[in-house]
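1. pasted the sequence and its predicted model underneath.
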Amino acid sequence: MEKKNFLIIGAGLITLAAIILVALLAPPKVPEGVNVITEKTEYKIGDIIKVKIENNLKKTICFSSCYPYYLEKKKEEWEGYSYVNCSNSDLVKDCIDSGQVKAFELVTPSIEQGLNRFAMSICIGCKVDETFREDQKFYSNEFEISE
């Protein structure tokens, strides 16, 4: 009887150790979506803004050749700045595979002071040089612009 109890306890401990090992070795679950993150939360006009885009979707995402991003300002609601119509064909330009990251930099344009953010229109599963279509839109964190 003691040998039987010893075997049951031993099997239980081995099972528990296996469960703990699997939990520790399993990759952390990343929420599905696209993260758009600026390096800082405060900029002055003329500063360099560094933006990182993380694709946590299960498919490739692609951007427009005309406007890969838009800037928006916070009033009572979020409002887009006025953009000139693109004179070229709006095609798929750059893509990011699932699980990949892309980054870009731009000089802070002369825009309104206050809260701003990036709006990224994406095409899911598109191919370079196809006509761009907006499947979804993702937004960056908010950042402050001052003079």
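-> The structure has been received and is ready for your questions.

2. which SSE is residue 112 in?
-> Residue 112 belongs to no helix or strand when assigned by DSSP states H and E.

3. distance of it from residue 124?
-> 31 Å (CB to CB, to the nearest Å). In short, each C-beta sits where N, CA and C put it, glycine included.

4. those two: which has the busier surroundings?
-> For the pair residue 112 and residue 124, the greater number of neighbours falls to residue 124 (16 against 13), based on other CB atoms under 10 Å.

5. tell me how far that one lies from residue 74.
-> 27 Å.

6. spatially central residue in this protein, please.
-> In the chain, the C-alpha closest to the average C-alpha coordinate belongs to residue 35, at a distance of 1.9 Å (CA atoms, centre = their mean).

7. element containing it?
-> Under the assignment given by DSSP H and E, the secondary-structure element containing residue 35 is strand 34-38.

8. centre of the chain versus that strand, how much separation?
-> Once both centres are worked out by CA atoms, centre = their mean, to the nearest Å, strand 34-38 turns out to sit 4 Å from its chain's centre.

9. what do you get for stretch 47-54?
-> Chain-centre distance of stretch 47-54: 11 Å, with CA atoms, centre = their mean.

10. wait, residue 78 sits on residue 116?
-> No: applying CB atoms under 8 Å, one finds residue 78 not in contact with residue 116, separated by 9.3 Å.

11. about what we covered before: buried residues in the strand holding residue 35?
-> Within strand 34-38, the residues that qualify as buried by neighbour count (16 or more other CB atoms under 10 Å) are 34, 36, 38.

12. just stretch 123-140 next, same as before
-> Applying 16+ other CB under 10 Å to stretch 123-140 flags 123-124, 126, 132, 138, 140 as buried.

13. and if you look at stretch 39-48?
-> Residues of stretch 39-48 classed as buried under the neighbour-count rule (16+ other CB under 10 Å) are residue 43.

14. measure that stretch end to end?
-> From its first residue to its last, stretch 39-48 covers 10 Å (CA to CA, to the nearest Å).

15. that older thread, going by distance to residue 85, which of the buried residues of strand 34-38 wins?
-> Of all the buried residues of strand 34-38, the one with the least separation from residue 85 (CB to CB) is residue 36, at 24.0 Å.
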